Each structure stands twice: as C-alpha cells, then as structure tokens.
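**Student:** sequence and predicted structure, then a few things I'm wondering about:
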Amino acid sequence: MKSYTITVNGNVYDVTVEEGTGSAAPAAAPKAAPKAAPKAAPKAAAPAAAAGAGSVKVTASVPGKVFKVEASVGQAVKRGDNIIILEAMKMEIPVVAPQDGTVASIDVAAGAAVESGDVLATLN
C-alpha cells in the first residue's frame, strides 16, 4: 500500500492506494451512453411566415432569454431604439433597431429562449 497526500481546492486529503498484484481482473465493459433526448419540434410555420414580413431582420447577438419586448408591430422606430431586451449571464442586453423603419413583425415572446443569430423581429 502506498499513502499519498493530495490537495484539492485547498482541502488536504490523505489517500491510501493498494498496489496491484499484476494480474488485474478484466475491467467491466462501459455502459452504453444514454440516447439523446429528441430535439424540440420545429417552430410553427406562422412565425416563420411573419419573419419574412419585413425586409430588415433584427437578430440576437448572444444566446439568452427574451427579458422584455419593448416595441410593437406597426410602431415606428429610429436607428438605435430598443426593440427587445435579452437576458444573458444575468445581464440585460438591448437589441436595437439597425436603421429607421417600422416594426413589421415581432417573432419572439417574453421568456422565450433564443440562440445567437435567431431572428427576433423584422423592420420595413
């Protein structure tokens, strides 16, 4: 037997390890990995159709959760106006209008999870 002192994250542990006899028993076969859960169903066709309503797409710059929708369909916005607020890593990140226009569609709702690049709204 061999004794070791190991420090992990500032905690000290005394460990004793048995030495093998040289004839190790065969290792148990690893268990099969669990099957991945089925992916979520694709988004409904209605939001996809609405996404094409405007010519300018407003996309998420980071993955996160929609915290608040500040604009509404038909509202006139100027470049830099907040359209949607995302929450990522406990920070509120505004998603702003890239140019002047009118909100043609809002493609997400508060509380929805989004990935980077997802279309959040469109402008005309």
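**Tutor:** Structure's in. What do you need?
**Student:** would you pull up how far stretch 57-74 lies from the middle of the chain?
**Tutor:** Between the centre of stretch 57-74 and the centre of its host chain there is 14 Å, according to Cα atoms, centre = their mean, to the nearest Å.
**Student:** now that stretch: mean pLDDT?
**Tutor:** Stretch 57-74 shows a mean pLDDT of 94.
**Student:** gap between the two ends of that stretch?
**Tutor:** For stretch 57-74, the first-to-last residue distance is 15 Å (Cα to Cα, to the nearest Å).
**Student:** buried residues in that stretch?
**Tutor:** Neighbour counts over stretch 57-74 (16 or more other Cβ atoms under 10 Å) mark 57-58, 60, 64, 66-67, 69-71 as buried. For the C-beta atoms, the positions are set from N, CA and C on the backbone; glycine is no exception.
**Student:** list the contacts of that stretch.
**Tutor:** 51, 77, 81-89, 92-93, 95, 97-98, 102-106, 108-123 (Cβ atoms under 8 Å, 6 or more residues apart in numbering).
**Student:** if we go to 6 Å?
**Tutor:** Contact partners of stretch 57-74, identified using Cβ atoms under 6 Å, 6 or more residues apart in numbering, comprise 77, 82-88, 92, 103, 106, 108, 110, 112-122.
**Student:** ok, the buried residues of stretch 57-74 vs residue 17, which is closest?
**Tutor:** residue 64 (45.7 Å; Cβ to Cβ).
**Student:** what's the spacing between the closest one and residue 122?
**Tutor:** Separation of residue 64 from residue 122 (Cβ to Cβ, to the nearest Å) stands at 20 Å.
**Student:** for residue 15, see how far away residue 59 is.
**Tutor:** When residue 59 is compared with residue 15 (using Cβ to Cβ), they lie 52 Å apart.
**Student:** re earlier: okay if I get the buried residues of stretch 57-74 as JSON lines plus distance to residue 5 and secondary structure?
**Tutor:** Conversion of the buried residues of stretch 57-74 to JSON lines gives the following (distance: Cβ to Cβ, whole Å; DSSP: H, G, I helix; E, B strand; the rest coil):
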{"residue": "57", "distance to residue 5": "59", "secondary structure": "strand"}
{"residue": "58", "distance to residue 5": "58", "secondary structure": "strand"}
{"residue": "60", "distance to residue 5": "49", "secondary structure": "coil"}
{"residue": "64", "distance to residue 5": "44", "secondary structure": "strand"}
{"residue": "66", "distance to residue 5": "51", "secondary structure": "strand"}
{"residue": "67", "distance to residue 5": "49", "secondary structure": "strand"}
{"residue": "69", "distance to residue 5": "57", "secondary structure": "strand"}
{"residue": "70", "distance to residue 5": "58", "secondary structure": "coil"}
{"residue": "71", "distance to residue 5": "61", "secondary structure": "coil"}
